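1. Sharing a model that was predicted from the sequence below.
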Amino acid sequence: MNSGTAKTEQYQKWLPYWAVFQSDMQQTVNTWVYRLWLLASILVLAGFFTYRFGVYKEAGIIQHGSLFFLQSLRWTILGSMTLVVVLTTGCISSERGTLADSVLSRGISRYQYFMGKWHARLTTVLGTFLLLGTITIVGCIFFLHEDLSFKGCLIALAAICALLFTVVTCCVTVSAILNSTALGIVTVWVLLYGVTLGLSYFPSVHLSPEVTLQALPYMVKGEYDIQALGRLYIWTLGISLGISSIGMVWFARRDI
Amino acid sequence: MLIPADSIFVIAIGRFIRVTYTPLVFESVFLTSGGGLVPADQSDNLVVETYKLTKIYQNKQIALNDVSLRIERGTVLGLLGSNGAGKTTLLRLIIGLHRPTAGWVNVFGKNMTPNSADLRRKIGYIPTNPQFPKGMTPITYLDYMARLFGLPQDVRKPRLASLIRAVDLLGASGTPISGFSSGMIARLAVAASLINEPDLLIWDEPTHGLDPEARRSMLELIKSLSKEKTLIVSSHNLSDIDEVCDHAAVLSHGQLIFYGSLQDLKGRMRRNHFELDLEGDQKSITKAVQIIRTLSEFKSVQVKQKKLEIYLNDDVVTTTALANLFMTLTDSKINLLGIKSIGQQTEEAFLDLVEQEESRGFARIYKQQAA
């Protein structure tokens, strides 16, 4: 009879987490939702940029980089939010069942599985957004009328990343709690609208998602309140960690 | 099987049921699967132990009811039961995919929970219908499984290569799994369950959907693995269980109605149908059969050429009846070439058990002694 004591020393504790992380990244970038999101974003940005650049070159009408940057970010936030929600809400619920059986019956804890999935989706969504945002900034600086502050642009990107961070965390948590992806998407939308509506009643000194979007034109020009932004980053990080902890504990206690 | 102390339970002896009251507390003593008493300090040898394990899904469905069993190291346990009896639920509870509503599961002496990754590293599991992530090949899939077990590269790569060779998937090692036949999927699932070199194997219906050749290979594999590992095999196919297992657990409507050695299970079934191959002249055989028919122990005696088929009455002692039969044959100078008990014993014993359990009616409130 072989004993397990000698074998336990061979195990690498965080390898299961990395396995889930890498596998989920590969799966995500191969999904049609991700490809659609990427393609739509690139087409919208390219079309919009070509139009602005054409107006500037042919008609001589000055096109402010800040305005273009702002409008392109709005597409990312509002236009593609549905696809981001669809992309992230199904990450655990769509795998529940036999496939999850064959993963969770191995030497991985529920916490590691949840974190692997969560971090993979965060990396995919935020990485893609940052890539598109960087391309947009570079395009604005080189081809449109330059009224942008590079530092302001980075801070604006970071502000939107903070909001996306919370949205993705919320989606993954809902995915870990609910069995149905469709129900998860509806739940996330109801939550997002409800929370955004609730936050809009707060004084404008607190940066709600709505206030943040309104402040973006000033941010990209370098006019921003670093303390308010600091509070935004801390709050979104805190809320995300809180939501993910609830999701993780819930997922660790439920039947698969 | 644990005996509930200070409680009423029912002991079944043959077809009679006796209700007994046990006010004693069994201190540090447990009934083993074989029915003998062993001290509790031998529990180090236990691989799986469940106590009053109960699973109720969302207060709607009772999937498992008060299951207590102890599986010792080296046991090959066959889990029997009809559809919906609770076999898969029990296996999922043992592996930590489900949490018990009541009771507990200990694996290798530690409590199993959904986060017990260290315990699952010693377990190899095959679900009923294994499914695989899209776009993976046997190499990438086994590598993924090995990484889920935390195996470093210098351990997992040679091991997965050996396993792919062993399960005869070398030619298809780079082919996407989506195009695999059910036999190939079963072989890959076996490889995945062995990648961590587990001490305990839990295979849920491993021969399901396999052709006779693949089924034979699977049974041979179970036999060879049983020499060094503990196995729990769930199956609808009773002949498979009969062939490879040494212990059996029978579930009916979520309740454990039998747990013990396969011999015990067969022993519960009354064997009253025998077939004898005889040698001697036909006249003597016919004469002997006429005498046997007059004996009270025999319900039916048929002879076809030199093959004698006999049915015993229910209430006779088998050895006495057969002794009388052999005496008659000896007197008639007839030689016996062979004798065999007819019927698939495990299957009949299983059906008999389930039927017996059903017929108990409200007496099922009290637990029957399982072995």
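-> Great, that's in hand.
2. contacting residues for B:L77?
-> B:I71, B:L231, B:I232, B:V233, B:C245, B:H247, B:A248, B:A249 (CB atoms under 8 Å, 6 or more residues apart in numbering or on different chains). For every residue, glycine as well, the C-beta is placed using N, CA and C.
3. Whichever strand or helix holds A:W235 packs against which elements?
-> A:W235 is part of helix A:226-253, with elements assigned from DSSP states H and E. Judged by 3 or more CB pairs under 8 Å, 6 or more residues apart in numbering or on different chains; DSSP states H and E, helix A:226-253 is in contact with helix A:110-143, helix A:150-177.
4. is chain B contacted by the helix or strand just after the shortest one?
-> Put plainly, it is helix A:150-177. Next in sequence after helix A:150-177, counting helices and strands by DSSP H and E, comes helix A:181-200. No: Helix A:181-200 is not in contact with chain B by CB under 8 Å from any CB of the partner chain; minimum separation 15.9 Å.
5. Would you mind pulling the contact partners of helix A:181-200?
-> By CB under 8 Å, 6+ apart, helix A:181-200 touches A:85-86, A:89-90, A:93-94, A:167, A:170-171, A:174-175, A:178, A:206, A:208-210.
6. Kindly reformat the helices and strands packed on helix A:226-253 as TSV containing mean pLDDT, distance to chain B and mean neighbour count.
-> Shown next, in TSV, are the helices and strands packed on helix A:226-253 (pLDDT from 0 to 100; distance: least, CB to the nearest CB, whole Å; neighbours: other CB atoms under 10 Å in any protein chain shown):
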stretch	mean pLDDT	distance to chain B	mean neighbour count
helix A:110-143	89	5	20
helix A:150-177	90	12	22
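7. if we can go back for a sec, now, which of the contacts of B:L77 lie within strands?
-> Secondary structure from DSSP state E places B:I71, B:L231, B:I232, B:V233, B:H247, B:A248, B:A249 of the contacts of B:L77 in strands.
8. possible to save these as TSV with pLDDT, neighbour count and distance to A:C140?
-> TSV is the format used below for those (pLDDT from 0 to 100; neighbours: other CB atoms under 10 Å in any protein chain shown; distance: CB to CB, whole Å):
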residue	pLDDT	neighbour count	distance to A:C140
B:I71	93	24	68
B:L231	95	25	65
B:I232	95	27	64
B:V233	94	26	65
B:H247	92	25	73
B:A248	91	28	74
B:A249	92	27	70
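9. just those residues that are near chain A?
-> Of the ones in strands among the contacts of B:L77, not one also sits near chain A (CB under 8 Å from any CB).
10. Let's have the residues you listed in TSV, adding distance to B:R159.
-> Compiled in TSV, these are given as follows (distance: CB to CB, whole Å):
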residue	distance to B:R159
B:I71	26
B:L231	20
B:I232	23
B:V233	23
B:H247	30
B:A248	32
B:A249	31
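11. from those, which single one is nearest A:S72?
-> B:I232 (58.2 Å; CB to CB).
12. For the closest one, list the residues it contacts.
-> B:V48, B:I71, B:L77, B:L79, B:L91, B:I94, B:L200, B:L201, B:I202, B:W203.
13. give me that answer again for 7 Å
-> By CB atoms under 7 Å, 6 or more residues apart in numbering or on different chains, B:I232 lies in contact with B:I71, B:L77, B:L79, B:L91, B:I202.
14. On the three-state scheme, the second one is what?
-> In three-state terms, and counting by DSSP: H, G, I helix; E, B strand; the rest coil, B:L77 is strand.
15. residues in contact with B:A248?
-> B:G78, B:L80, B:I241, B:F258, B:L262, B:L265.
16. Farthest-apart pair in the residues you listed, please.
-> Greatest spatial distance in those: B:I241 and B:F258, 12.3 Å, computed using CB to CB.
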